[in-house]
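J.: Predicted structure and sequence below. I'll ask about it afterward.
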Amino acid sequence: MPELPEVETIRCQLAGKLIGKKLDGQSVTGVRRRAKILIIDFEDGSSLLFHLKLTGQLIFNGTPSAHTRKVFYFDDGSQLVFNDARKFGWWKKVKETKKIEKEFGPEPLEMDFKTFKNLLAKRPSAKIKPLLMDQKVIAGIGNIYSNEILYVSRVHPLRLVKTLTSQEIKNICQNTKKILKSAIKYRGSSVEYYLDACGRQGEYAKQHKVYQKEGEKCSRCEAVIKRIKVGGRGAYFCPACQKLIEG
């Protein structure tokens, strides 16, 4: 599923292509992101929302295919193609976005250490990996980046929040920003269906340290990367670098 870096990549690209164009007689005034949702704003105050879910793609001036669910035609002849092979994604036009924006936690790129630490303190018995992926707690982080963040932070995905030291929490907070920013720089991770708004694969998958690397050697210590199930999702980690501390 496209996460914050993938949606932010698409947002940046579409902002440069859509602002000022008209769709159904209304000019595009902005392109935003909230969590994993892309928001296109119009001059009348309405917005067009997209959630790409598992297989969604938004391709500017793309060629419609068997997986195309919708084509949005702009006044200058350009088009935005929404592909979705498994049809879990959605789009909808809304009069305002405040209600849906309030459904999510803080944006991790805008969050300071104090805010992050306080969020975790409210859930001492939660496992850290699913907590990072809980959109009501922190917006935009999914399975790919929670794995990478915890690996770089040397924290086991099953660690309970109450077992984390202040330094470990600080490391997770700092590495969250570092990894997300780096993933945006590389235009996201194309591990399955994701393409950017220009129809290209993202390059960040080449930087992954643990995600989908079960059975490979850890780049730090050469122990073998393992995979377990956490909250119904695959968690990849190094058993030597990311020790499980019981709480």
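T.: Cool, got the structure. Just so it is clear, the structure is predicted and the values come from calculations on it, not from any experiment.
J.: drop to CA atoms for contacts and neighbour counts, all remaining ones
T.: Will do.
J.: Contact partners for the nearest residue to S125 once chain neighbours are set aside?
T.: Closest residue in space to S125, ignoring its immediate chain neighbours: L160 at 5.6 Å, by C-alpha to C-alpha, 6 or more residues apart in numbering. Residues touching L160, when contacts are defined by C-alpha atoms under 8 Å, 6 or more residues apart in numbering, comprise 124-128, 246-247.
J.: Next, I10: phi, psi?
T.: In terms of degrees, to the nearest 10, the main-chain angles of I10 are phi -60, psi -40.
J.: That one and R200 touch, don't they?
T.: No - the criterion here is C-alpha atoms under 8 Å, and I10 misses it with R200 at 10.8 Å.
J.: Who has more neighbours out of these two?
T.: More crowded of I10 and R200, by other C-alpha atoms under 10 Å: I10, with 26 against 12.
J.: Need the pLDDT of the more buried one.
T.: According to the per-residue confidence, I10 scores 98 in pLDDT.
J.: swap in L18?
T.: The score at L18 is 98. That number is its pLDDT.
J.: Repeat that for the one 3 residues further on.
T.: On pLDDT, K21 comes in at 98.
J.: repeat for the one 3 residues further on
T.: Per-residue confidence at D24 stands at 96 (pLDDT).
J.: Tell me how many other residues crowd it.
T.: 9.
J.: Ignoring the adjacent residues along the chain, who's closest to F104?
T.: The shortest distance from F104 to any residue that is not its chain neighbour, by C-alpha to C-alpha, 6+ apart, is 4.5 Å, and that residue is K136.
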